[in-house]
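Participant: the sequence and its predicted three-dimensional model are supplied below.
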Amino acid sequence: MCDGQRARFASVILPMRSASLTASHPAPVEADLNFAPQFRPFHAGELSGYQAQLAKLVLPGDVRALTSHPRLHLQACRLRAGGLAVNLEATPIAVNHRAEHATDALRAEFLACFVVHGSGEMTQNGTSLPVETGDIIFRTTALPSAVRMFTDSRLVVIKASLLRLLGAHAQDSTSFTAQRAAAALPMTQTAHRWLNHVFFDSSETSPTSSLFGEQALMSMLAAIYTSQQLEQIPVAQRGAVESWQALTCYLETHIADVDLSVSEVARALRASSRWVHRLFQMQGTQYNQYVRERRLQLAREALEDPRKNQTPVKDIALACGFQDASHFSRRFQERFGCPPNRYREQAQPVSQ
């Protein structure tokens, strides 16, 4: 890290006992953070307090120091479109996120870990991946995982909803597989450079430019993750996968369009309606069910967003592609168990 970066990330070094502490599911911490790129340092004093901050920011887990004189730096900020960025510097350390630490599938998030320096390993869902300087490691909060860093390390973790990473492809969090984007890949190197631009450049940026920079970083992460995932699929099966991705990417972009009929989608993609229906059959679902689920998930996220507290529910419904507020309310209650207004009230954090 250069001197300018160290100045921006200077934070207290806390002594850590070589012990294992378990944190329960924490309360939301987003309201206490600055928006990117302004990071907030955390000064917890005792290890137990620092452990609690880590649990709030990333995920509850069992932390164990792998050295007799452990140290930890921690800072975080909010992403402008939802999620967190966490800068973590540590001596060798192990973190185990057990099944009881995992989040509900409906609230599944991804963790994209930029390995600025350090080496170790990450395990999730039976997959064990090496971790080396310059890598990007992807995992999800919906499944147990373990991370061990064998050397002094600095990690920058991007945490956000799977919808931000995968869009339409995030509907089943159990299909998310841990991936390693190796440092040698050109796209991985580009993402590391862009990470520095978004968060660590000393030049002042406007909120709008920060948002677009953040969105570009998310798009790069999505491109990296999906390309890595495609490499795991046999060549003979990739054609159908790529066709499905092309179809769902179009739907994701046009999910709020009034005319999102099968025939209109097929025309826009220069394909046949039969081709569209066949791809959905291969996925074990139907077109209308899929589109409705995507719209409901987007509406749920909007209702959870405190920045949209004053947006009428009917406007959220329209923005997500529903043309009738009453129909939206019925469908939302069927899917999530309560009306949209009540869901919004329950989703907002309680003021301290």
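Facilitator: Cool, the structure landed.
Participant: what residues sit buried inside stretch 177-189?
Facilitator: For stretch 177-189, the neighbour count (16 or more other CB atoms under 10 Å) marks 177, 178, 179, 180, 181, 185, 188 as buried. (Each C-beta comes from the backbone N, C-alpha and C, glycine too.)
Participant: tell me the spacing between the first one and residue 297.
Facilitator: Going back to what we said before, that points to residue 177. According to CB to CB, to the nearest Å, residue 177 and residue 297 sit 21 Å apart.
Participant: ditto for the fourth one
Facilitator: Residue 180 sits at a distance of 28 Å from residue 297 (criterion: CB to CB).
Participant: how about the third one?
Facilitator: Summarising the geometry, the distance separating residue 179 from residue 297, computed by CB to CB, is 23 Å.
Participant: again, but for the second one
Facilitator: Here the distance between residue 178 and residue 297 works out to 23 Å (CB to CB).
Participant: ok, the residue positioned nearest the centre of the chain - contacts?
Facilitator: By CA atoms, centre = their mean, the chain has its centre lying nearest to residue 160, at 2.8 Å. Contact analysis of residue 160 by CB atoms under 8 Å, 6 or more residues apart in numbering lists 79, 81, 82, 83, 84, 109, 110, 218.
Participant: now do the nearest residue to the fifth one once chain neighbours are set aside against residue 283, distance only.
Facilitator: Which is residue 84. Sequence neighbours aside, residue 159 is the residue nearest to residue 84 in space, at 4.7 Å (criterion: CB to CB, 6 or more residues apart in numbering). Counting by CB to CB, the gap from residue 159 to residue 283 is 28 Å.
Participant: what mean pLDDT does stretch 272-290 have?
Facilitator: Averaging pLDDT along stretch 272-290 gives 91.
Participant: same question but for stretch 224-234, I mixed them up
Facilitator: On average, stretch 224-234 scores 73.
Participant: switch to numbering from 15
Facilitator: Okay, residue one is now 15; in that scheme the one you just asked about reads as stretch 238-248.
Participant: which one's the longest helix in this protein?
Facilitator: Using DSSP state H, we find that the single longest helix of the chain is helix 221-245.
Participant: which other helices and strands contact it?
Facilitator: strand 123-131, strand 150-154, strand 167-175, helix 176-180, strand 193-195, helix 200-209, helix 252-267 (3 or more CB pairs under 8 Å, 6 or more residues apart in numbering; DSSP states H and E).
Participant: and the helix or strand that contains residue 161 with strand 150-154, angle?
Facilitator: For residue 161, the host element (DSSP states H and E) is strand 159-163. If you take axes from the mean of the first three to the mean of the last three CA atoms, to 10 degrees, strand 159-163 sits at 150 degrees to strand 150-154.
Participant: residue 283: neighbouring residues, count only.
Facilitator: For residue 283, the neighbour count with other CB atoms under 10 Å is 14.
Participant: if we can go back for a sec, as CSV, the contacts of residue 174 with distance to residue 145 and neighbour count would be great.
Facilitator: Listed next are those as CSV, based on distance: CB to CB, whole Å; neighbours: other CB atoms under 10 Å:
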residue, distance to residue 145, neighbour count
93, 23, 23
95, 27, 16
96, 26, 17
97, 21, 19
98, 20, 21
123, 19, 24
124, 16, 25
232, 22, 19
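Participant: between the residues you listed, which is nearest residue 66?
Facilitator: Using CB to CB, residue 98 comes nearest to residue 66 of the contacts of residue 174, at 15.5 Å.
Participant: next one: phi and psi at that closest one?
Facilitator: For residue 98, the backbone dihedrals (degrees, to the nearest 10) come out as phi -140, psi 160.
Participant: what is it paired to in the beta sheet?
Facilitator: Bridge pairing for residue 98 (DSSP bridges) gives the partners residue 92, residue 173.
Participant: that one and residue 73 touch, don't they?
Facilitator: No: contact status for residue 98 versus residue 73: not in contact, 11.0 Å apart, counting by CB atoms under 8 Å.
Participant: average pLDDT across stretch 102-118?
Facilitator: 89.
Participant: give me the low-pLDDT residue ranges for the chain?
Facilitator: Across the chain, the ranges flagged by pLDDT under 70 are 15-45, 58-64, 181-189, 243-252, 363-366.
Participant: the domain parsing of it - what is it?
Facilitator: 17-245, 253-361 (automatic domain parsing).
Participant: out of these, which is the most enclosed?
Facilitator: Using mean count of other CB atoms under 10 Å, the stretch among those with the largest mean neighbour count is domain 17-245, at a mean of 18.
Participant: any idea how far that domain is from the chain center?
Facilitator: Relative to its chain's centre, domain 17-245 lies at 9 Å (CA atoms, centre = their mean, to the nearest Å).
Participant: hey, where'd the helices end up in the stretch 215-364 of the chain?
Facilitator: Using DSSP state H, counting those that start in this stretch, the helices of the stretch 215-364 of the chain run over 221-245, 252-267, 276-282, 287-296, 301-318, 327-333, 339-350, 354-361.
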